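>>> how would this look folded up:
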Amino acid sequence: MSSALRVLVVDDEPLARLRLRGLVGAIQEPRCEVIAEAATGSQAASWLREHGCDIVLLDVQMPGADGLQFADGLAQRQQGLPVPLVIFVTAHAMHALRAFELDALDYLTKPVRRERLQAALARAAQRLSERAAVQAALPPDAPGTPDHADFITLTDRGRLLRIPVGEVLYFKAELKYLTLRTASESHVMDGALSDLEQRLGARFLRVHRNALVARWAVRELERHAPTSFGDLDGGDAAEAADSWAVRIVHVDEWLAVSRRQVAAVREALAGLGR
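Model prediction:
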């Protein structure tokens, strides 16, 4: 991102805020700027009603509503405005699970090392860039950003993650698991495509028995040699002789399209004006 990321520091200890400000200022990449500080969740909420930021560095134990309560109500308070990413910075490690349930980007324990904070801010920059790319790819009449509850929850290497549905490019069934693909990451998850198809509705299109693709993420439909993608829907001779695939935005990957879904994909592309 070309401009500096805007950071709000929320901590009831002045020295802790001062140290975080210094650490943020010392990080060259990604470029970040502390634009405001707050000593309580209520002060932070009041500031956010009038201003915006990209990232909140948030303590847990504070007077009044604690950091977990503040994060839990953050999306509702923004009322349609972009919701800042939350990185918890606290002396208490026992709240990490609850923090990730609230879609925290990271959870840092004090005293914070500059390298650890830099890694968290780099992840924030990546997530914000991905969010911007998703919004840029949406057609003008597409629905707005999904609400705060519109997430896919999964476990990845011991971490509990919530991936915004609006960032998902596709789901693909492979053996006993599903692969969830965003512009920057792949995650393995449990579940069934049929369940996701029912839950996500018209925003996603079943292009093959093993793939569910976000409609906005379909860049083009093209005929391909049958050997490019293996067997399609059972791999019978008639199907293999008429192989199609879709190209996915951002990752430039091709996914097989079963013959019976070609017409639906064409209609989706026509509806998006592509």
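>>> D252: how many residues sit nearby?
8 (other CB atoms under 10 Å). Using the backbone N, CA and C atoms, a C-beta is placed for each residue, glycine as well.
>>> now do L117
Neighbours of L117 (other CB under 10 Å): 21.
>>> change the start of the numbering to 326 and stick with it
Got it, first residue is 326 now, which makes that one L442.
>>> check contacts around the nearest residue to it once chain neighbours are set aside.
The shortest distance from L442 to any non-neighbouring residue, by CB to CB, 6 or more residues apart in numbering, is to L348 (5.4 Å). Applying CB atoms under 8 Å, 6 or more residues apart in numbering to L348 gives the contacts 437, 439, 442.
>>> any idea which helix or strand carries the residue nearest to the second one when sequence neighbours are not counted?
By the measure of CB to CB, 6+ apart, the closest residue to R439 outside its immediate chain neighbours is L348, 5.3 Å from it. Counting by DSSP states H and E, the element that carries L348 is helix 339-351.
>>> Any regions of the chain where pLDDT drops low?
For the chain, applying pLDDT under 70 flags the ranges 326-327, 400-406, 458-474, 550-567, 596-599.
>>> in the sheet, who's paired with R506?
Y495, S511 (DSSP bridges).
>>> Contacts only, for it.
Counted by CB under 8 Å, 6+ apart, R506 has contacts 493-497, 573, 576, 578.
>>> repeat for D515
Per CB under 8 Å, 6+ apart, neighbours of D515: 479, 502-503.
>>> Kindly recompute the last result at 10 Å.
By CB atoms under 10 Å, 6 or more residues apart in numbering, the contact list for D515 reads 479-480, 501-503.
>>> Turn the contacts of R506 into JSON lines, columns for neighbour count and distance to A542.
Shown next, in JSON lines, are the contacts of R506 (neighbours: other CB atoms under 10 Å; distance: CB to CB, whole Å):
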{"residue": "V493", "neighbour count": "24", "distance to A542": "8"}
{"residue": "L494", "neighbour count": "23", "distance to A542": "4"}
{"residue": "Y495", "neighbour count": "22", "distance to A542": "7"}
{"residue": "F496", "neighbour count": "24", "distance to A542": "11"}
{"residue": "K497", "neighbour count": "21", "distance to A542": "12"}
{"residue": "I573", "neighbour count": "21", "distance to A542": "5"}
{"residue": "V576", "neighbour count": "16", "distance to A542": "9"}
{"residue": "E578", "neighbour count": "15", "distance to A542": "10"}
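>>> Could you measure from L393 over to E522?
The gap separating L393 from E522 is 34 Å, by CB to CB, to the nearest Å.
>>> Then M419 would be within a helix, right?
Yes - according to DSSP: H, G, I helix; E, B strand; the rest coil, M419 belongs to a helix.
>>> Tell me how far it lies from Q386.
In terms of CB to CB, M419 sits 11 Å off from Q386.
>>> Against R441, how distant is the residue nearest to R439?
Taking CB to CB, one finds L348 at 10 Å from R441.
>>> which neighbours do the two share?
Contacts common to L348 and R441, judged by CB under 10 Å, 6+ apart, are V414.
>>> between the contacts of L348, which is closest to V359?
L442 (11.9 Å; CB to CB).
>>> how about that closest one, secondary structure?
Going by three-state DSSP: L442 is helix.
>>> One more: E547?
strand.
>>> Could you give the bridge partners of it?
A570.
>>> I figured it was touching R572, is that so?
Yes - in this structure, E547 is within contact of R572 by CB atoms under 10 Å, at 7.0 Å.
>>> any idea how far H376 lies from A445?
22 Å.
>>> of these two, who's got more company?
A445 (22 against 12).
>>> The more buried one: what's it in contact with?
By CB under 10 Å, 6+ apart, the neighbours of A445 are 380, 382, 410, 412-414, 429-433, 437.
>>> could the residues you listed be laid out in a markdown table, adding secondary structure, neighbour count and distance to W541?
Converted to a markdown table, the contacts of A445 look like this (DSSP: H, G, I helix; E, B strand; the rest coil; neighbours: other CB atoms under 10 Å; distance: CB to CB, whole Å):
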| residue | secondary structure | neighbour count | distance to W541 |
| --- | --- | --- | --- |
| I380 | strand | 25 | 26 |
| L382 | strand | 28 | 32 |
| L410 | strand | 24 | 22 |
| I412 | strand | 22 | 28 |
| F413 | strand | 27 | 32 |
| V414 | strand | 27 | 35 |
| A429 | coil | 23 | 27 |
| L430 | coil | 21 | 24 |
| D431 | strand | 21 | 28 |
| Y432 | strand | 21 | 31 |
| L433 | strand | 19 | 34 |
| V437 | coil | 18 | 38 |
